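**Q** Provided below for reference: sequence and predicted model.
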Amino acid sequence: MGPRLDRKSCFDISPAQKPFANHNQAIAKDNSVDIQRATIAQLYKASIGLGDDFTFEYDPDAGSLRLHGTFVDTIQYASAPFPILRNMKDCIPILEQWKHIAASTLGPLSGPYLNSSDALGNAFHRTLTAGIAYSSTSLEVPRRATATDVEGFASWLAHFTRLVKTGQLHDGSQHQIWASALRVAILDRVFFVTKQGYMGIMPAGARVGDAVYVLKKGNMPFAVRPLRGTEGRYRMIGAGFVAGMMDGEVVKQGGTMESLNFV
């Protein structure tokens, strides 16, 4: 998957890759991925339908915080965190590996994603950008990706992959938009697949066996780690994107509300 070279973005470039210079300058306006991710979180309402009331309890003696949420599934496969690479072309083998994992564990990319009307391939490409897109006039304000956006990203990624493999790298009108969305979504993130067949992106600490929950009043699903030898006690890993679980779908699962004690 390539060595971890330095703290540059995987979309930073070397002088030899002059065609990407303009793109590098565009995303340099806001180099804080965390700020972008905080903005993206506001675009979703994963917990809608779980109720408007929000309660929590803090136990200073136990050092625990009690929240409430609904179980989604357990992570069955988790990749290594997407590494920081010097050249963007080095990202392609990793994305192809993730694509292979999706196809080998969930079925043909042309087939359906879970019980939805969306194709698995569309869900995969939506996952790679955390379901967001940018306009051609602003690479700092993300928006929800439409079906047309997802098709556009898939087309761009296929085209860029061919260019990388043939050594014919050059910039394109869509490069800045999709390279920015991809960078913000997956940099230092884990691609995962759950036992029931959900897929998504979670923080680097997520691993096999972690549970995915939608917490009450939470905009995005969370990966949490059950603590061994305890019941109802967890370690918080962080929030991420789960395809098909970003707009209140957890209510349709019919899951029960649980109390989770985080330590």
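**A** Thanks, I have the structure now. Residues are numbered from 1 along each chain as shown.
**Q** Do you have the helices of the stretch 51-200 of the chain handy? List them.
**A** Using DSSP state H, counting those that start in this stretch, the helices of the stretch 51-200 of the chain run over residues 91-106, 120-128, 147-166, 175-186.
**Q** Mind checking those for the one nearest to Pro226?
**A** Ranking the helices of the stretch 51-200 of the chain by proximity to Pro226 (Cβ to Cβ) places helix 91-106 first, at 22.3 Å. Where you see a C-beta, it was placed from the backbone N, CA and C, and this is true even at glycine.
**Q** Of all the residues in that closest one, which ones are buried?
**A** If you call a residue buried by 16 or more other Cβ atoms under 10 Å, then helix 91-106 has these buried ones: 91-92, 94-95, 98-99, 101-103, 106.
**Q** now do stretch 107-121
**A** 109, 113-114, 119-121.
**Q** Which of these lies at the shortest distance from Thr146?
**A** Closest to Thr146, out of all of the buried residues of stretch 107-121 and judged by Cβ to Cβ, is Ala119, at 15.3 Å.
**Q** give me the beta-bridge partners of that closest one?
**A** Pro112 (DSSP bridges).
**Q** I'd assumed Gly205 was in contact with Ala78.
**A** No - Ala78 is beyond contact range of Gly205, at 9.9 Å (criterion: Cβ atoms under 8 Å).
**Q** So for these two, which residue has more residues nearby?
**A** Higher neighbour count among Ala78 and Gly205: Ala78, with 21 against 15, using other Cβ atoms under 10 Å.
**Q** Excluding chain neighbours, what is closest to that one?
**A** Computed as Cβ to Cβ, 6 or more residues apart in numbering, the closest residue to Ala78 that is not its neighbour in sequence is Phe192, at 4.5 Å.
**Q** and if you look at Ala103?
**A** Leu109 (5.6 Å).
**Q** Could you do Asp59 as well?
**A** Arg66 (7.4 Å).
**Q** Please report how far the residue nearest to Thr146 when sequence neighbours are not counted lies from His125.
**A** Spatially, and ignoring its direct neighbours in sequence, Thr146 is nearest to Ala133 (7.6 Å; Cβ to Cβ, 6+ apart). Distance, Ala133 to His125, by Cβ to Cβ, to the nearest Å: 11 Å.
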